[in-house]
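Asker: I would like the atomic coordinates for the input below:
(chains A and B, ligands or ions: 1)
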Amino acid sequence: METKNIMIVGVGGQGTLLTSRILGGITVRAGYDVKLSEVHGMAQRGGSVVTFVRYGSEVAEPIVEEGCADVLIAFEKLEALRYAHFLKKDGVIVVNDWRIDPITVVTGAAVYPENIIEGLSKTHKVYAINAMQEAEKLGNVKAFNVIVLGLAARHMDFDKELWLDVIAETVPPKTVEINQKAFLIGYE
Amino acid sequence: MAEKKIMLGNEAIARGAYEAGVKVSAAYPGTPSTEISENIVKYPEIYAEWSPNEKVAMEVAIGASISGVRALVSMKHVGVNVASDPLYTISYAGVNGGLVLVAADDPGLYSSQNEQDTRCVARAALVPVIEPSDSAEAKEFTKLAFEISEKYDTPVIVRTTTRLSHSQGVVELCDRAEPADKPYERNPAKYVMMPGNAKGRHVYVEQRMKKLSEDGADFAINRAEYRDTSIGFITSGIPYQYVREACPDASVLKLGMVYPLPKKLIEEFASKVEKLYIFEELEPVIEEQVRAWGIDVIGKEAFTVQGEYSANLLRRAVTGEDMCLTQAEKVPARPPILCPGCPHRSVFSVLNKLKIHAAGDIGCYTLGAVAPLNVIDTTVCMGASISTLHGMEKAKGKDYIKNWVAVIGDSTFMHTGVNSLMNMVYNQGTGTVLILDNSTTGMTGHQDHAATGKTLMGEVVPAINIYHLCKAMGIEHVQEIDAVDLKELERAIKEETKRDAVSVIITKSPCVLLKGNVFPNVCRPVPEKCKKCGACLRPGCPALTKNADGTIAIDETMCNGCGLCQKLCAFDAIACEKR
Ligand SMILES: Cc1ncc(C[n+]2csc(CCOP(=O)(O)OP(=O)(O)O)c2C)c(N)n1
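Answerer: The predicted structure follows:
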C-alpha cells in the first residue's frame, strides 16, 4: 500500500500526543508499518505543535513533507491555516472550529485572521466541528480531541470496532467510556 | 514470534540498554533525551538515577563500568559539554563493563540554546559514535554499542537527534542478556590518569581508533546499498530516511558508525558511483574527512549546516523536484508561553513593574525574556545567571547592578547554579539571586531532583533544603517568599537589591502542571466594574482575552485560579472564587 500521511496540529497542551498514540496503535493493529513523529519539550508550553503519522507497507521517513499530507487534523483554526500547505492536492482538512489566541495576538503584535474556515474551504475539502461544544454536552471538555479524531477517522480505512478497541487500550481506564462516546460523535 | 511494539526512539534506546544487560543508568534530564531515563526506570533490573548534572551522571556511569557492569549515561547535546571533562579522559582510560553515552542532538533547535553537533565533541575526545536511523535500529545499535565498548576498550557514543528520539516506529522485542560482571582488578596504569599513565593510554587510544576505522569496513551497520550508480549518497541517521524517500533509486552508503569512518568502504563506494553526495545534518563531519582523503564530493555547498533536513530539501537540491504546491500562509506566530497560573509569571510581573533587569538562566522561566514580560536580558547556559551577574558587578561596580537580579530555577540551581553562588560569596559579590522554586524540573516535563525529596525510582528521600544550603554558604540574607504573593515579592526584591551584600530570595510555589495539584478556584470577570485599563492583561496570561468592548473575558477551561489578574485589578473587576 502507498504510504498514507496524516498530520495532527494544535496548541501545546491540547492533547495531540494522546491522539497520535491512538492513531499509532490502530495502524499497528491493522498490520501496517508505521512511523510517527511528535513534539515534546518547549513547544508543549502553549506553542504550535505538530505530529506526523505515516503508515503503509513500508515507511521510511517519520515526517510528512509539505505537499504530501492526505489528512490534516487541526485542533485549532489558526493551526489549520498554518499547516494547510502540507496538504496534497486532494487532501482533506478536519478542523475543530475553535479559536485560541496566540500571545502575539493577545499583546496586539499580530491580528487573528478572520473567516479561516471559509477561506480554507475555497481551496480544500474542509470538515469542521465545534468539538468543544460537543464535548461539553458530553460532560468532559477534555474529550474534544477524540471527537475531532472521530470525524477524521471517516477519511481513513479502519473499522469502527478497531477504533473503539484501540481507544480502550490507549486512554486511562477510567475514561474509556467517555472517549469511546466522544469518538462516535465525530464518526457518526 | 517475537513481540512487536511501537516505540519512541528514546524508549527503544532504553529497551536496548535493558536487553544489553545494563545494570546502572544515570542522567540529567534534557530535551530530547529525557524519555530514555523515564523508560529505563520501568525495568526493575536496572538501577536508574537522576544525577544533579551531566558531569556527575557521567562519573556515576564511569564508576559502574570500572566496577565491571554495563552502564548507560544519557543527556542532551549541551549536557555533553558539562560532561566533557570526564568524557575526554575516560576515553583514555577505557572501560571494564561496557560504557555507553547517549547524546541527543537538536537540529532545528526545537528545545535548545544552540545547534551543536556531538560528533565534533566525539572527534576531539576520540570516542566512537554510532548513529541509528529509526526506533528498531535505536534498540539494536544501543546493544551493539556495549559490545563495541567492551571489545575495543572504549566508551561509545550513541548519537540521536530530536527527530529520532521523538519518533515512534515498530520494534521487535528480545530478551535481556545477563552478561556476567567483569572481574575488577586494581590497574592504576589504566584507571589512574596521571601524566605518566595517560601518556601510555594516549598511544593506545590512537591505535584503537585506527583499528576501529579498519574494522568498520566489515561492520554490518555500515552498509553499501547499490542501485542506480549515477548518483550515490553517503549518509546516516534520520537523513538516511530522507534519501530513501526522495531518491529511492540512488545508491546509498549508510553509515551506522559515523566516527571513526571506515576508509576502505568509503573509497570503494566512491569509486563505484558517478556523482557522490554527502547528506548529513549539522556540521560537515563526514564530508571533511572524506575530502581529506582526496575524494571529490558534493556536501555543504548543496545542503545547509542549519536546521533539520527533509526529503523536500533533498529533492530541491538534487532532483529539482518540489512536492510543495503552495506557499505557507503568513499567520501570527504561536511561540511557547508560560502556562496559566504559572508562578513564574507572578515573579516576572513584579520585576517588570520595578523595571529590574534579570540575568537569566535556562528553564520555563526563560520565557520571562519575551513580550509582554520582557524581564530577562541574558541567557547562556545552565547556571550562568548568577555568574554573569557577578561578572557585570566586577566590571562595572556594585551600583551598576542595583536594578539587576539573577533568576534561576530550582533544578538549574542544583545543576550548576550552586557553584556560581559559592563564587559570589567567595569573591564578595553583592548580587541578588532569585531562585524560582517550583519543586520540579518543569521545562523537561517534571523530573525530580536533589531538592524535591524523591528519586527517579520513586523513593522518598530527604530533600536538600535550598534555604539551608544558601545559609551554609554563609549568606546572611536569605528569604523564602510565596511566589504568588505580589506584595511580599515587591517588598523583598526592593529590600534585597538595595543591600550591599549577596542575597537570595527563594520564591516558592509548585508548578501548575505537577501531578496532584488541585485548583479549587477560578477567576471570573465582573464586567460592570471593569474600567478597561488592561492592567490584568499585562503579564500575558493566556486565559485572558479582551472583548470587543474592551472588557475582559477569562477562559475558565484554562484558568487555574492563581489570582494574579485579580490582584492586578485596582477596581475589583475580577473575582477569584470557588469553582
Ligand atoms: C546542560 C544542560 N542540561 C539540560 C538542559 C535541559 N534543560 C533546560 S532547562 C532545564 C531545567 C529546568 O528546570 P528548573 O530550573 O527547575 O526550571 P523550570 O523549568 O522548572 O522553571 C533543563 C534540564 C540544558 N538546557 N542544558
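
Asker: and residue A:95, helix, strand or coil?
Answerer: For residue A:95, the secondary-structure state derived from DSSP: H, G, I helix; E, B strand; the rest coil is strand.

Asker: residues in contact with whichever residue of the stretch 101-250 of chain B sits closest to the ligand?
Answerer: Closest approach between the stretch 101-250 of chain B and the ligand, counting by CB to the nearest ligand atom: residue B:113, at 6.0 Å. Where C-beta positions appear, they are placed from N, C-alpha and C, glycine not excepted. The neighbourhood of residue B:113, defined by CB atoms under 8 Å, 6 or more residues apart in numbering or on different chains, consists of B:78, B:362, B:379-381.

Asker: Among the residues you listed, the buried ones, what's the PyMOL command?
Answerer: Remark: buried members of the contacts of residue B:113, expressed as a PyMOL selection using 16 or more other CB atoms under 10 Å in any protein chain shown:
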select buried, chain B and resi 78+362+379+381
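
Asker: Assign a three-state SS to residue A:162, would you?
Answerer: With three-state DSSP as the basis, the three-state label of residue A:162 is helix.

Asker: And for it, the neighbour number?
Answerer: 14 (other CB atoms under 10 Å in any protein chain shown).

Asker: measure it to chain B for me?
Answerer: Counting by CB to the nearest CB, to the nearest Å, the gap from residue A:162 to chain B is 15 Å.

Asker: My read is that that residue contacts residue A:31, right?
Answerer: No - here residue A:162 does not reach residue A:31: they are 10.9 Å apart, not a contact under CB atoms under 8 Å.

Asker: How about residue B:456, nearest residue that isn't a chain neighbour?
Answerer: Spatial nearest neighbour of residue B:456, chain neighbours left out: residue B:50 (4.7 Å); criterion: CB to CB, 6 or more residues apart in numbering or on different chains.

Asker: swap that for residue B:95, please
Answerer: The shortest distance from residue B:95 to any residue that is not its chain neighbour, by CB to CB, 6+ apart, is 4.7 Å, and that residue is residue B:65.

Asker: Contacts only, for the residue of the stretch 251-400 of chain B found nearest the ligand.
Answerer: Among the residues of the stretch 251-400 of chain B, residue B:363 lies nearest to the ligand; the distance is 2.7 Å by CB to the nearest ligand atom. Shown here is residue B:363, whose contacts under the criterion CB under 8 Å, 6+ apart are B:408-409, B:411-412, B:436, B:441-443.

Asker: restrict those residues to those near chain A?
Answerer: Among the contacts of residue B:363, the residues within reach of chain A (CB under 8 Å from any CB of the partner chain) are residue B:443.

Asker: So which of the contacts of residue B:363 wins on neighbours?
Answerer: residue B:408 (34 neighbours).

Asker: Give me the contacts around the helix or strand that contains that one.
Answerer: Element membership of residue B:408 [criterion: DSSP states H and E] is strand B:404-409. In this structure, residues lying in contact with strand B:404-409 by CB under 8 Å, 6+ apart are B:347, B:351, B:356-365, B:368, B:375-376, B:383, B:385-386, B:388-389, B:392, B:417, B:431-438, B:441-443, B:493, B:497.

Asker: surely the residue nearest to residue B:456 meets residue B:27?
Answerer: Yes - contact between residue B:50 and residue B:27 holds when scored by CB under 8 Å: they sit 6.5 Å apart.

Asker: Count the residues that sit near residue 118.
Answerer: All of this is about chain A. Other residues near residue A:118 number 10, with proximity taken as other CB under 10 Å.

Asker: um, chain B though
Answerer: A total of 32 residues lie near residue B:118 under the criterion other CB under 10 Å.

Asker: ok, now which ones touch it?
Answerer: B:77, B:80, B:103, B:105, B:129, B:157, B:159.

Asker: Just want the phi and psi numbers for it.
Answerer: Backbone torsions for residue B:118, taken as degrees, to the nearest 10, come to phi -60, psi -30.

Asker: and what of residue B:277?
Answerer: For residue B:277, the backbone dihedrals are phi -110, psi 150 (criterion: degrees, to the nearest 10).

Asker: wait, what's in contact with it?
Answerer: Counting by CB under 8 Å, 6+ apart, residue B:277 makes contact with B:231-234, B:297-299, B:302, B:318.

Asker: on that earlier part again, who's more crowded, residue B:50 and residue B:27?
Answerer: Neighbours per residue, other CB under 10 Å: of residue B:50 and residue B:27, the larger number sits with residue B:27, 29 against 26.

Asker: Quick check, pLDDT for that one.
Answerer: If you check residue B:27, the pLDDT there is 98.

Asker: Residue A:104 belongs to a helix?
Answerer: Yes - in this structure, residue A:104 lies within a helix as judged by three-state DSSP.

Asker: Where in the chain is the helix or strand with the lowest mean pLDDT?
Answerer: All of this is about chain A. Least confident element among the helices and strands of chain A, by mean pLDDT, DSSP states H and E: helix A:103-106 (a mean of 88).

Asker: Wait, chain B was what I had in mind.
Answerer: Checking each helix and strand of chain B against mean pLDDT, DSSP H and E, the one that scores lowest is strand B:544-546, at a mean of 90.

Asker: Which strand or helix spans residue 179?
Answerer: No chain was given, so I picked chain A. Residue A:179 is located in helix A:176-187, with elements delineated by DSSP H and E.

Asker: what's the answer for residue B:36, then?
Answerer: Per DSSP H and E: residue B:36 is located in helix B:34-40.

Asker: Show me what secondary structure element comes after that helix.
Answerer: Per DSSP H and E, the first helix or strand lying C-terminal to helix B:34-40 is strand B:47-50.

Asker: same for the strand or helix carrying residue A:49, what does it pack against?
Answerer: The secondary structure element spanning residue A:49 is strand A:48-56 (assigned by DSSP H and E). Using 3 or more CB pairs under 8 Å, 6 or more residues apart in numbering or on different chains; DSSP states H and E as the contact criterion, the neighbours of strand A:48-56 among helices and strands are strand A:4-11, helix A:16-29, strand A:33-37, helix A:77-83.

Asker: Let's have the ones you listed in CSV, adding distance to chain B and mean neighbour count.
Answerer: Listed next are the helices and strands packed on strand A:48-56 as CSV, based on distance: least, CB to the nearest CB, whole Å; neighbours: other CB atoms under 10 Å in any protein chain shown:
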stretch, distance to chain B, mean neighbour count
strand A:4-11, 7, 25
helix A:16-29, 5, 22
strand A:33-37, 4, 23
helix A:77-83, 5, 24
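
Asker: Would you mind putting those into JSON lines with mean pLDDT alongside?
Answerer: As requested, the helices and strands packed on strand A:48-56 are arranged in JSON lines below (pLDDT from 0 to 100):
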{"stretch": "strand A:4-11", "mean pLDDT": "96"}
{"stretch": "helix A:16-29", "mean pLDDT": "92"}
{"stretch": "strand A:33-37", "mean pLDDT": "95"}
{"stretch": "helix A:77-83", "mean pLDDT": "97"}
